[in-house]
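**Q** here is the input, now give the coordinates:
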Amino acid sequence: MNSLHSLLNGRSSALGGLIRHAAQLKDLNEHLGRELPAPLNQHVTVANVYQDTLVLNTGSPVWAARLRYLTPSILDSVRCRPGYSTLRSVRVRISLPEPITVAERSSSPCRPSRASADNLRHAAEGTADPGVRSALLRLADHHRRRR
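**A** Numbering: from 1, shown residues only. Model prediction:
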């Protein structure tokens, strides 16, 4: 049976290859973090190196445009690193954040407090418009009955 160390670090191990690739991406990410100007460096991550292409992720079209403008200097900087002299292009991807979803309603309805009914009644007493006063009083009574 193979040891855990040989499984993770073996030259022929697929898992070892993935770990080495992840370490290379981490190294490149740190390198670009030092080389790119602030605040751009806070909005870029190295996603992959595939064949002769460096793939970068950013969170908005604005940062993507800045990255594309800096592509020649990014290539020069990365090509100087061991193992990356064959890079020919940079691909910039925009990874928008996941959309915020509205939480589903709970099965139990919200129970208004006695204070909210009292606040509605107080607001009704201070309102000159009879239609608004009537609506607020009905709402306050409804709140009291639901408790």
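**Q** any idea how many residues pack against Gly83?
**A** Residues near Gly83, counting by other Cβ atoms under 10 Å, number 11. Quick note: C-beta positions are derived from backbone N, CA and C, even for glycine.
**Q** now it: which helix or strand?
**A** Counting by DSSP states H and E, no helix or strand carries Gly83.
**Q** tell me how far it lies from Thr127.
**A** Distance, Gly83 to Thr127, using Cβ to Cβ, to the nearest Å: 75 Å.
**Q** could you do Gly16 as well?
**A** Distance from Gly16 to Thr127, by Cβ to Cβ: 74 Å.
**Q** check what pLDDT the residue of the chain positioned farthest from its centre gets.
**A** Going by Cα atoms, centre = their mean, the residue of the chain most distant from its centre is Pro130, 49.6 Å out. pLDDT recorded at Pro130 is 86.
**Q** how far away is it from Asp141?
**A** For Pro130 relative to Asp141 (Cβ to Cβ), the value is 16 Å.
**Q** could you identify the helix or strand that succeeds the helix or strand of the chain with the lowest mean pLDDT?
**A** One helix or strand of the chain scores below all others by mean pLDDT, DSSP states H and E: helix 4-9, with a mean of 58. As assigned by DSSP H and E, the chain's next helix or strand after helix 4-9 is helix 14-35.
**Q** can you list the strands that the helix or strand just after that following helix pairs with?
**A** Downstream of helix 14-35, the first helix or strand assigned by DSSP H and E is strand 44-50. When pairing is defined by DSSP bridges, strand 44-50 lines up against strand 53-58 (antiparallel).
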